[in-house]
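Asks: I'll drop the sequence and a predicted model, then ask my questions.
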Amino acid sequence: NKTTISMIVTSLSIDDLISIVPVIIFMLTQWSSDVLPQPLCTTSALIYLFQGISSNLKGSLIVSYSFYSINKTETISCSASKRRVSMVWAILSIWIVSLLICILPLCGWGKYVPTSWGCFIDCASSYILFLFIVYSLCFCLLTVLSVPLTYQLLCSDEQQLLHINYQEISRGYITPGTPAGCSTATPSLSPVDPVDKTLKHFQNACPSSEADLRKGVAESSGLEPRCGSSAQSRSFTVGFAQKRFSLILALTKVILWLPMMIQMVVQHITGFQSLSFETLSFLLTLLAATVTPVF
């Protein structure tokens, strides 16, 4: 099933795919001594910068959405289709903003120049400071929200209940062949039911919405209340796991871009340039593009 988090991760994968172009340019510059044509250099730098800005903005979007959905119980009663449509617009907006930022050098603010590892922005331009401000906003938002999210997703009671629910699925209480929301085992053989524990914070904040949701599932499927509870428990378990891994993904991507941003600002302010550190920073940003398939 498509979830809001999976849509953001899918868009991140699209960004990662276009990073293949800067990789090809990097390989050409290492194997050939010829100077790259300016149109090819500009295109490569624009795509590389677009992918970096878009990935960092989406990392902030992932953390913001996870924080909101965990701490705002109103999202339970919100239509899933409406959430997906809103997220599609958010993703499209990020792509548009990223593209507008990247074409500023083509409009006269800064310029794309050849480097030792490919092509990038001229660090002598004040445009570098603008890029650093955009990245700093993403980094600060990620840092502020990831502190409570790390506890909620990795250290809280829900983290332990996640393991219990996966055990229930693996032991056959909920299997892929089971009709939606039904357990294959009898209630007497079931392990300690984690549903009430998993949804306790939602019950406390919004008991009527949770009760209506259980009732609606049971009535629409013609199943016993336990069937609806099992399906609901599995849905929240999957959603919880997706939020946990997407948090790690967002943190990894933004942090791997940190050396490149530091190198740009230092070179702009002091004029100091280290070719080895530039190459290392570039390779770390390429590593950030390969992280998404791992998750």
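Replies: Yes, it's here.
Asks: show me the contacts for residue 6.
Replies: By CB atoms under 8 Å, 6 or more residues apart in numbering, the contact list for residue 6 reads residue 242. Every residue, glycine included, has its C-beta placed from N, CA and C.
Asks: now it: how far from residue 66?
Replies: Residue 6 sits 13 Å away from residue 66, going by CB to CB, to the nearest Å.
Asks: just residue 59 next, same as before
Replies: 11 Å.
Asks: what number of residues are in the vicinity of residue 37?
Replies: Neighbour count of residue 37, defined by other CB atoms under 10 Å: 9.
Asks: for it, report the pLDDT, please.
Replies: Listed pLDDT for residue 37 reads 81.
Asks: from residue 114, how far off is it?
Replies: Separation of residue 37 from residue 114 (CB to CB): 10 Å.
Asks: next one: residue 39
Replies: 12 Å.
Asks: with residue 257 instead?
Replies: 21 Å.
Asks: between those two, who's got more neighbours?
Replies: Legend: neighbour count by other CB under 10 Å for residue 257 and residue 114, higher for residue 257 (21 against 16).
Asks: surely that one meets residue 288?
Replies: Yes. Look at residue 257 against residue 288 with CB atoms under 8 Å: they come within range, at 6.1 Å.
Asks: which residues do these two both contact?
Replies: Common contact partners of residue 257 and residue 288 (CB under 8 Å, 6+ apart): residue 55.
Asks: list the buried residues in the biggest helix by length in the chain.
Replies: As assigned by DSSP state H, the longest helix anywhere in the chain is helix 38-71. Residues 41-67, 69-70 are the ones in helix 38-71 that count as buried (16 or more other CB atoms under 10 Å).
Asks: point out the other helices and strands that the helix or strand just after it packs with.
Replies: Where DSSP states H and E defines the elements, the next helix or strand beyond helix 38-71 is helix 80-102. Helices and strands touching helix 80-102, as assessed by 3 or more CB pairs under 8 Å, 6 or more residues apart in numbering; DSSP states H and E, comprise helix 4-18, helix 38-71, helix 127-150.
Asks: and helix 80-102, what's its mean pLDDT?
Replies: 88.
Asks: any idea of the angle it forms with helix 127-150?
Replies: 150 degrees (axes from the mean of the first three to the mean of the last three CA atoms, to 10 degrees).
Asks: can you list contacts of helix 80-102?
Replies: 2, 4, 7-8, 11, 46, 49-50, 53-54, 57-58, 61, 65, 75, 130-131, 134.
Asks: redo that, cut-off 7 Å
Replies: 2, 4, 7-8, 11, 46, 49-50, 53-54, 57-58, 61, 134 (CB atoms under 7 Å, 6 or more residues apart in numbering).
Asks: tell me the secondary structure at residue 255.
Replies: With DSSP: H, G, I helix; E, B strand; the rest coil as the basis, residue 255 sits in helix.
Asks: alright, calling it a day.
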